[in-house]
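1. The following block contains a protein sequence and its predicted model.
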Amino acid sequence: MEPESLYNLLQLPKEEALPEEEQQLPQGAKKKYLPPNSRKDPRFEKLQKVLMEWVNTTLLSEHIVVRSLEEDMFDGLVLHHLFQKLAGLRLEVEEIALTAPSQRRKLQAVLEAVDRSLQVEEQPARWGVEAIFNKDLLATLHLLVALAKRFQPNLSLPANVQVEVVTIESTKSGLKSEKSVEQLTESSTDEDQPSKDVFDELFKLAPEKVHAVKEAIVSFVNQKVGRLGLSVQSLDTQFADGVILLLLIGQLEGFFLHLKEFHLTPSSPEEMLHNVTLALELLKEEGLLSHPVSPEAIVNKDTKSTLRVLYSLFSKHKLKTHADGAPGRAPH
């Protein structure tokens, strides 16, 4: 089929033409296509960001970091640990699936447990083994929204997220398409309330998990500053003067901080505030602080603010490996 006839068939502008793989569907096959204008919708992008932060905070103590919902959820590994954490149960499935068939079997077992927990009656559900395994972003988002509504109903999801999708079907006469709108979140969600970051939700809804999160971050920090002969025992107190925080940022972000720029042994609240303010400015310059943090809060040993700052570094630099024996994004 010539490109022009395909554009006419889909009634899409040329810049939204289907990728080549979408034009090669086997006869009788049907697939959803998410046009670029839908992917770039601000509400759609915000929904992905909120869900990713929620998943990463939930799994922080297990040293799992998700960077792409499509790429990191498809094989069942992350979903396995996420569901176990949320539901408070253990699934008898293989821990690491290395081949495509075993990944598919694992994903199917996890999704069956998820569907039972969510009491899914819709058949087929808006997600399924084939959709998730084939990295269908819409199906993945439908699944995560359902899990959030079930296990963390107060999570501040953006309201009324809906996107236009194109369903492509391969027939004897060529490709046929149909446009539709998929609703991802309900319009009744109160998006006008000030947005909360994941640590607001953690302290409010799951205070029992705070200790585990703190331990995971302290372990991460000690791996990085140990080469400097430093050791962190208390997240609550040892970052208040900004010294370890600055040295950690220097190690991770490759900054060389001259001793004239900060106080290595601060002796007053003013010197501590200078150090912390400098550290936050460096993080802002690197685009790592998505939630405002007051330097005074760090100096005053506010645990939540300290966690926000350290998590911004953790989420960027924590490698998804099994080097420490914890589950991560290992080779499939």
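-> Happy to help now that I have it.
2. my guess is residue 166 is in a strand, correct?
-> Yes. Counting by DSSP: H, G, I helix; E, B strand; the rest coil, residue 166 is found in a strand.
3. Any idea what it is bridged to?
-> Beta-bridge pairing of residue 166 under DSSP bridges involves residue 33, residue 179.
4. neighbours of it, just the number please.
-> 20 (other C-beta atoms under 10 Å). Where C-beta positions appear, they are placed from N, C-alpha and C, glycine not excepted.
5. I'd say residue 74 and residue 133 touch.
-> Yes. Using C-beta atoms under 8 Å, residue 74 is in contact with residue 133, at 5.5 Å.
6. who's more crowded, those two?
-> residue 74 (23 against 19).
7. which residues touch the more buried one?
-> 103, 107, 132-135, 140 (C-beta atoms under 8 Å, 6 or more residues apart in numbering).
8. let's see it at 6 Å
-> 132-133, 135 (C-beta atoms under 6 Å, 6 or more residues apart in numbering).
9. Can you report phi and psi for it?
-> Backbone torsions of residue 74, given as degrees, to the nearest 10, read phi -70, psi -30.
10. about what we covered before: I'd like the contacts of residue 74 laid out as TSV, including secondary structure.
-> TSV is the format used below for the contacts of residue 74 (three-state DSSP):
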residue	secondary structure
132	helix
133	helix
135	coil
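11. Residue 297 is in contact with residue 276, correct?
-> No. Assessed by C-beta atoms under 6 Å, residue 276 is found out of contact with residue 297, at 9.0 Å.
12. helices and strands of this protein: which one bottoms out on pLDDT?
-> helix 3-10 (a mean of 39; mean pLDDT, DSSP states H and E).
13. For residue 211, which three-state class applies?
-> Going by three-state DSSP: residue 211 is helix.
14. for it, what are its contacts?
-> Applying C-beta under 6 Å, 6+ apart, no residues contact residue 211.
15. could you redo the last one with a cut-off of 10 Å?
-> Residues counted as contacts of residue 211 (C-beta atoms under 10 Å, 6 or more residues apart in numbering) are residue 61.
16. roughly how far apart are it and residue 300?
-> Going from residue 211 to residue 300 by C-beta to C-beta, to the nearest Å gives 21 Å.
17. Poorly predicted segments of the protein, please.
-> 1-28, 121-125, 188-198, 200-201, 204-205, 319-332 (pLDDT under 70).
18. what's the domain layout of it?
-> 3-183, 198-317 (automatic domain parsing).
19. longest helix of the protein?
-> With secondary structure taken from DSSP state H, the chain has its longest helix at helix 100-118.
20. List the buried residues of it.
-> 102-111, 113-115, 117-118 (16 or more other C-beta atoms under 10 Å).
21. can you list residues touching both of residue 74 and residue 133?
-> With C-beta under 10 Å, 6+ apart as the test, residue 74 and residue 133 both reach 103-104, 107, 139.
22. can you put those in TSV and add distance to residue 82?
-> Shown next, in TSV, are these (distance: C-beta to C-beta, whole Å):
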residue	distance to residue 82
103	16
104	18
107	13
139	16
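23. And residue 276 and residue 297? Which one has more around it.
-> residue 276 (29 against 18).
24. unless I'm mixing things up, that one is touching residue 246, no?
-> Yes. If you go by C-beta atoms under 10 Å, residue 276 and residue 246 touch, sitting 8.6 Å apart.
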